[in-house]
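> What shape does this take:
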Amino acid sequence: MILIGKTVMDRFTTAARLMIVSDLDHTMVDHHDPENMSLLRFNALWESSYRHDSLLVFSTGRSPTLYKQLRKEKPMLTPDITIMSVGTEITYGNSMLPDDGWVEFLNQKWDRNIVTEETSKFPELTLQAETEQRPHKVSFYVDKTKAQTVMKLLSERLEKRGLDVKIIYSGGMDLDILPQGAGKGQALAYLLKKFKTEGYPPSNTLVCGDSGNDAELFSIPEVYGVMVSNAQEELLQWHAENAKGNPNIIHAKERCAAGIIEAIGHFNLGPNTSPRDVADFMEHKLENANPGHEVVKFYLFYERWRRGEIENCETYIASLKASCDPSAIFVFPSGVEKTLHECIHKMKGCHGDQKGKKFRVWVDRVLSTPIGSSTWLVKFDKWESSGEERCCCETTIKINAKGSGASDGYVWVNVQQKWLEGFENKDDSTWFF
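Reported below is the predicted structural model:
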């Protein structure tokens, strides 16, 4: 068994406080929410309160191609681990390093050629796009009324050919054929076993889903589970038949990512108030403040300022300046240097310039490293979107704790940014922070 990728484990010397394992479409991502508000609320909560000591795992039926496409369309965070193609592919970190041990495991009693040959005998099956056909997954569309009959017959034929397969029907039309050892549930079980072997099992695991191919996630022992309020009938039926008496699985009242936040609160797994739900940061004190929360709070203030959602008053400007060292420097992506006080003064003139527009700001991959008794180096990706356009900067800041501890707040000492390749802003003059 190979060790878990360094991209994940380098951050941990103890077990992750919380591991969230979430489906994407109609669970983490709400396709009926044009403003992506529930997703942005989750993002702010995760980066401010969990990224530094917890693990985010996306478990999706999408192939790598369609997964990457979704990331371009929606303001999604970068997960620590990605499980794709209905649990047949596991990758680690931003570079998506594949798990070779999982590939070896799935090769047992699997022959893709035989699967292709047998399925070609079923006119009811329509092959999905080429991007969705993977080494350990063959995917079709099938009419809801014919699904059960086809699955039964196909299973019998493949068994006669010596294969041990799993056939999963979800979304009212998708039929996936996988090795018996594959699936979202088995992929999660495999990961949990690896963490345990390395001596770092997560303290708590929360699984989140909405459709039939998520059912396996809820079958893993000792996990908490949330079926979002918009969960499909096939998952609710599975729950009624298999897990109705399990107090660790709930059907949320909220849709999608909002339902995940609801579950965090319901099971007391940690903070469940997103910074986006806090009206006035100046009045809001966090018990266990950390550099991640400081970053999220600042950029959310910046978004609200430009959207004109907060009052244009000197108190806010004075508070911002007080949080910056008088000699603090901001190095723009172009290389131009200005003091942070100059940047704040310039920002004063753009209050409400994005009012009524689809302007959003979020941060991703916020990771802080202590470089002194009260000093941190914080690295993150800072994203801005306006309508269909997006730009992103890889950002590094140096901050000091005010007073005796982090609860007293922070002072910004230095900010440096460089464009993330492919997401440059053509007009540097409109880039404030």
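
> which residues in the stretch 1-150 of the chain form helices?
Taking DSSP state H, counting those that start in this stretch as the criterion, the stretch 1-150 of the chain contains helices spanning 6-9, 37-49, 64-73, 100-106, 112-119, 147-160.

> and if you look at the stretch 151-300 of the chain?
Counting by DSSP H, counting those that start in this stretch, the helices of the stretch 151-300 of the chain are 184-197, 215-219, 233-242, 256-266, 291-307.

> Columns distance to His351 on top of those helices, output as TSV?
C-beta coordinates here come from the backbone N, C-alpha and C atoms, glycine included. Output for those, formatted as TSV (distance: least, Cβ to Cβ, whole Å):
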stretch	distance to His351
helix 184-197	46
helix 215-219	45
helix 233-242	46
helix 256-266	29
helix 291-307	6
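
> Can I get those in JSON lines including distance to Thr126, mean pLDDT and mean neighbour count?
Below are the helices of the stretch 151-300 of the chain laid out as JSON lines (distance: least, Cβ to Cβ, whole Å; pLDDT from 0 to 100; neighbours: other Cβ atoms under 10 Å):
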{"stretch": "helix 184-197", "distance to Thr126": "23", "mean pLDDT": "95", "mean neighbour count": "20"}
{"stretch": "helix 215-219", "distance to Thr126": "24", "mean pLDDT": "94", "mean neighbour count": "23"}
{"stretch": "helix 233-242", "distance to Thr126": "19", "mean pLDDT": "94", "mean neighbour count": "15"}
{"stretch": "helix 256-266", "distance to Thr126": "28", "mean pLDDT": "98", "mean neighbour count": "23"}
{"stretch": "helix 291-307", "distance to Thr126": "44", "mean pLDDT": "95", "mean neighbour count": "21"}
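
> Neighbours of Arg112, how many?
Other residues within reach of Arg112, judged by other Cβ atoms under 10 Å, total 16.

> any idea how far Cys324 is from it?
If you measure Arg112 against Cys324 using Cβ to Cβ, to the nearest Å, the figure is 58 Å.

> if we can go back for a sec, closest one to Ser334 among the helices of the stretch 1-150 of the chain?
Comparison of the helices of the stretch 1-150 of the chain against Ser334 by Cβ to Cβ identifies helix 64-73 as nearest, at 24.6 Å.

> Flag every buried residue along the closest one.
Of the residues in helix 64-73, those buried by neighbour count under the rule 16 or more other Cβ atoms under 10 Å are 64, 66-67, 70.

> Now do the same for the closest residue in space to Arg306 that isn't next to it in sequence: helix, strand or coil?
Leaving out its chain neighbours, the residue that sits closest to Arg306 by Cβ to Cβ, 6 or more residues apart in numbering is Gln354, at 4.3 Å. What DSSP: H, G, I helix; E, B strand; the rest coil gives for Gln354 is coil.

> who's in contact with Gln354?
306-308, 386 (Cβ atoms under 8 Å, 6 or more residues apart in numbering).

> what's the most distant pair in those residues?
Taking every pair in these and measuring Cβ to Cβ, the maximum separation is 14.4 Å, between Gly308 and Ser386.

> those strands in the stretch 201-350 of the chain, which residues are they?
The residue ranges that make up the strands of the stretch 201-350 of the chain, judged by DSSP state E, counting those that start in this stretch, are 205-209, 224-227, 249-251, 324-331, 337-339.

> With mean pLDDT and distance to Gly172 as added columns, please give these in a markdown table.
Formatted as a markdown table, those follow (pLDDT from 0 to 100; distance: least, Cβ to Cβ, whole Å):
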| stretch | mean pLDDT | distance to Gly172 |
| --- | --- | --- |
| strand 205-209 | 98 | 15 |
| strand 224-227 | 98 | 16 |
| strand 249-251 | 97 | 19 |
| strand 324-331 | 94 | 51 |
| strand 337-339 | 94 | 55 |
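
> Minimum distance to Glu216: which of the ones you listed has it?
In terms of Cβ to Cβ, the element of these nearest to Glu216 is strand 205-209, at 9.2 Å.

> Pull up the pairing partners for that closest one, direction included.
strand 19-22 (parallel), strand 224-227 (parallel) (DSSP bridges).

> Could I get those strands in TSV, plus columns for distance to Pro179 and mean neighbour count?
Shown next, in TSV, are the strands paired with strand 205-209 (distance: least, Cβ to Cβ, whole Å; neighbours: other Cβ atoms under 10 Å):
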stretch	distance to Pro179	mean neighbour count
strand 19-22	20	27
strand 224-227	24	26
